[in-house]
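[1] this one's sequence-less:
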């Protein structure tokens with residue numbers, strides 16, 4: 001099989017976990033590959049994915065090989081694969097725009113960005129780099145709230161003719177105008193906002209679906225999350241959270257038997273705790289009524305390393321995009337988007353989305 005050539009925008013914790021995974025699973029096989037939903041997709045293994053272009057704005061990463069940049073501050077995720085060979089791909093300066101929250105510009109450099117003193121690229125520069133490197137799939141890992149910057153890179157993907165995986169909650173795949181543009185251009189897209197392998201959202205959705213199936217009326221619920229990575233620091237600026245809260249809330253609302261009133265559901269990032277680093281802690285509570293209107297409630301505490309939790313899903317999203325390219329499928333990939341993302345264009349239960357995705361991979365569903 002040929003390699004899958006990808007470009008990455010944002011060499012943060014999530015990109016670090018993903019790239020570590022390419023090397024970590026290189027010597028594994030289907031019998032000992034713990035942590036993957038699929039060992040192979042269309043014949044492609046994790047080690048078949050190669051980073052051929054990368055963009056960031058931190059001076060500690062720009063100008064370095066990707067294999068070095070992923071271990072630079074402010075990255076703080078677990079290192080589970082230290083010996084990453086040089087990729088030969090040098091991190092280039094990216095477009096800043098609204099990619100940095102104002103309150104992070106003056107924060108200490110241990111926890112936040114140190115802006116590189118280099119000229120920002122034009123759209124033509126980025127497009128040329130994508131074409132020169134023969135990128136097939138562009139991954140967006142920009143911070144929450146980077147509305148303008150995400151649209152900039154989506155435009156670059158369209159002009160360069162590369163597939164797009166939108167891992168954060170700026171609505172591209174789930175915006176019918178953007179979706180139509182990718183379809184018209186003959187390019188596949190998966191989005192929006194990555195749903196972790198076993199995180200707060202998938203757990204909350206599963207329990208909400210269980211309530212519905214077992215005849216329990218869900219009356220109110222909350223999901224409170226804390227973490228210590230730059231994602232949580234960024235989200236202290238509540239003005240950047242509008243799309244994130246919509247994405248996470250709709251992911252749960254879409255599987256409840258009846259939509260909850262806004263006052264009865266609260267889902268969203270809650271606070272930044274520096275010493276947690278990349279560990280995310282979710283506090284979840286659900287209240288409802290059983291047979292005979294008898295009340296019940298459930299409380300759950302979930303602790304998980306945030307970035308590896310997303311990498312296990314992104315590695316499948318990349319390969320599904322490559323399958324679409326191989327097959328000549330364009331536009332939104334509805335099945336993988338529903339299974340991998342919090343805010344896909346069409347919501348389905350996770351059981352249904354899983355079945356649809358397996359059919360897509362097998363080639364029995366065109367999407």
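    Now that the structure is in, tell me what you want to look at. Treat the numbers as computed from the prediction; the structure is a model and nothing was measured.

[2] name the single longest helix found in the chain.
    helix 306-327 (DSSP state H).

[3] any buried residues in that one, and which?
    Neighbour-count burial for helix 306-327 flags 306-325 (criterion: 16 or more other CB atoms under 10 Å). All C-beta atoms are positioned from the backbone trio N, CA, C, and that covers glycine.

[4] following it, which helix or strand shows up next?
    Using DSSP states H and E, the helix or strand that follows helix 306-327 in sequence is strand 331-332.

[5] ok, residue 7 - contacts?
    51-55, 129-130, 133, 135, 137-139, 162 (CB atoms under 8 Å, 6 or more residues apart in numbering).

[6] so who does the residue lying closest to residue 274 once chain neighbours are set aside touch?
    Leaving aside its sequence neighbours, residue 274 sits nearest to residue 228 (CB to CB, 6 or more residues apart in numbering; 4.8 Å). Residue 228 sits next to 76, 272-279 when contact means CB under 8 Å, 6+ apart.

[7] of all the residues you listed, which comes closest to residue 216?
    residue 279 (31.0 Å; CB to CB).

[8] quick check: closest non-adjacent residue to the closest one.
    Nearest to residue 279 is residue 305, by CB to CB, 6+ apart, at 5.9 Å.

[9] show me what the helix or strand where residue 224 lies is packed against.
    Assigned by DSSP H and E, residue 224 belongs to strand 217-227. Secondary-structure packing of strand 217-227 (3 or more CB pairs under 8 Å, 6 or more residues apart in numbering; DSSP states H and E): helix 200-213, helix 242-253, strand 265-272, strand 279-289.

[10] report pLDDT for residue 106.
    Looking at residue 106, its pLDDT reads 65.

[11] mind listing the helices for the protein?
    13-24, 66-69, 123-132, 147-160, 176-185, 200-213, 230-234, 242-253, 306-327, 334-340, 350-362.

[12] just these: most buried one?
    Stretch with highest mean neighbour count among these: helix 334-340 (a mean of 27; mean count of other CB atoms under 10 Å).

[13] my read: residue 326 touches residue 43, true?
    No: with contact defined as CB atoms under 8 Å, residue 326 does not count as touching residue 43 (9.6 Å).

[14] mutual contacts of these two, please.
    Between them, residue 326 and residue 43 share no contacting residue, judged by CB under 8 Å, 6+ apart.

[15] pLDDT wise, what is the closest residue to residue 64 other than its chain neighbours at?
    Spatial nearest neighbour of residue 64, excluding adjacent residues (CB to CB, 6+ apart): residue 91 at 5.7 Å. Listed pLDDT for residue 91 reads 98.

[16] was I right about residue 91 contacting residue 11?
    Yes: the pair residue 91 / residue 11 is scored as a contact, 6.0 Å apart, by CB under 8 Å.

[17] who's more crowded, these two?
    Comparing residue 91 with residue 11 by other CB atoms under 10 Å, the one with more neighbours is residue 11, at 29 against 26.

[18] the more buried one contacts residue 67, doesn't it?
    No: if you go by CB under 8 Å, residue 11 and residue 67 don't touch, sitting 10.6 Å apart.

[19] residue 174: neighbour count?
    Look at residue 174: counted by other CB under 10 Å, it has 25 neighbours.

[20] list the buried residues of the lowest-mean-pLDDT helix or strand in the chain.
    The helix or strand of the chain with the poorest confidence is strand 265-272; it has a mean of 90 (mean pLDDT, DSSP states H and E). By 16+ other CB under 10 Å, the buried positions in strand 265-272 come out as 265-270, 272.

[21] looking at the residues you listed, spot the one nearest residue 354.
    Relative to residue 354, the closest of the buried residues of strand 265-272 is residue 267; by CB to CB it sits at 22.1 Å.
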